[in-house]
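J.: Return a 3D structure for these sequence lines:
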Amino acid sequence: MAPAWAEKADMSLKAEIARRFGTPALVVDLGVVESNIARVQAQLDQAGVANRPHIKTHKSPELAMLQRAAGAKGITCQKLGEAEVFADAGFDDILISYNVFGEEKEARMAALLRRNPVALTVAADNPVTIAGLDRAGRMAGRPVGVVIECDTGRKRAGVETPQEAIQLAVEAASRPGLAFRGLMLYPPEDGWERSQRFLDETLAGLRAHGLSAEIISTGGSPNLPQAGKLKGQTEHRAGTYIFNDRMQVKAGVASMEDCALRVYATVVSRGGAERGIIDAGSKTLTTDTGGLEGHGTILEHPEAKIARFAEEHGFLDLSACNDRPVVGDIVRIIPNHVCVVVNMVDRLIAVRGDEIIGEIAVAARGRLT
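T.: Predicted structure coming up:
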């Protein structure tokens, strides 16, 4: 049986969503969005850490404006294409948390700096990126800010030793097209003590070279409970918290009630007693399981499992359900990983409770370069 809170959806809202927009549809409750924004902003304010939300989750200037109005300092983008969209929408303090290089991107970055009064800072963890950013800054006639990305245990991107971080910072500070701004970290959830040792050693080395770090940036929605615990931290980058998803619930930083985005889907086939098909397949929910079982929670039938996909088919395993859906039923799904799901669509349907408010463009969707 579905929990009581999951039964609250107005059946007429489901019918109206399907009538006006069709399914599958990504529906966002603005009341939950605003609650999530306010809660995290208050948490970071209390910790004395600036909020620099990551827009990779929603990719919408309209939603980022809500975050800015609540007190966010600036925004984080993952790709230059996202930064271009948000700069053109009036955002003037942007961190790109990704190595950006190549002649095409250097020219675009220079053009962005020339046409917008944007304070642009880019992460780098290698000399190739440093050299390319320097060329972009010199082409623009304005320096590009640089933070050195440091790996303190996640084993993704970033230099692995304080000595490497210091060396790259000194290199960046020597370049005429660059301005060294500080350090960027994405600590593992259990790696904050190790991150503190790394940071302390790096800052001491920077001071020995006459350098200081204006920015000490940490990241991750699952790391929000750690905000303020790293001595020297100035800001935090979190993205998923605005919507939340099954991964955030599993991490213990959100509840199902905090999940603002639901995928509305229709049961289109019941070919057998213990199986069915919904019209949300891999081109809607994606194949990113986030390490979880199944591909989302169906609020009306939480015992059901979205077991596998074809492109437009979601295969339901109903063997554990006493109450099974029938053809034509509209169900609401909390996705495993909301960021990749949002990137599959051009628009989000905005509601407030049971009232349809309108549409929100996913303006930076598909900006992979």
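
J.: Against Ile349, how distant is Leu30?
T.: 11 Å (CB to CB, to the nearest Å). C-betas here are computed from N, CA, C, even on glycine.

J.: do Arg52 as well
T.: 28 Å.

J.: More neighbours: these two, which one.
T.: Arg52 (26 against 20; other CB atoms under 10 Å).

J.: Would you check that that one makes contact with Thr234?
T.: No: with contact defined as CB atoms under 8 Å, Arg52 does not count as touching Thr234 (9.3 Å).

J.: anything in contact with each of these two?
T.: Common neighbours of Arg52 and Thr234, counting by CB atoms under 8 Å, 6 or more residues apart in numbering, are Ser217.

J.: Tell me what Thr275 is bridged to.
T.: Check again: residue 275 is Arg, not Thr. Gly272, Asp317 (DSSP bridges).

J.: unless I'm mixing things up, it is touching His313, no?
T.: No: using CB under 8 Å, Arg275 makes no contact with His313, being 11.2 Å away.

J.: ranges for the helices of the protein?
T.: 11-21, 30-47, 61-70, 80-88, 103-115, 127-140, 162-174, 192-208, 246-251, 338-342 (DSSP state H).

J.: can you redo those as a markdown table with mean pLDDT and distance to Gly296?
T.: Listed next are those as a markdown table, based on pLDDT from 0 to 100; distance: least, CB to CB, whole Å:
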| stretch | mean pLDDT | distance to Gly296 |
| --- | --- | --- |
| helix 11-21 | 93 | 17 |
| helix 30-47 | 98 | 17 |
| helix 61-70 | 98 | 21 |
| helix 80-88 | 98 | 25 |
| helix 103-115 | 96 | 35 |
| helix 127-140 | 98 | 37 |
| helix 162-174 | 98 | 39 |
| helix 192-208 | 97 | 31 |
| helix 246-251 | 98 | 7 |
| helix 338-342 | 98 | 9 |
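
J.: nearest to Val146, of those helices?
T.: helix 162-174 (4.5 Å; CB to CB).

J.: tell me which residues of the closest one are tucked away?
T.: 162, 164-169, 171-172 (16 or more other CB atoms under 10 Å).

J.: again, but for stretch 46-59
T.: For stretch 46-59, by 16+ other CB under 10 Å, it's 47, 49-59.

J.: try stretch 300-315
T.: 300-302, 304-306, 309, 313-315.

J.: That'll do, ta.
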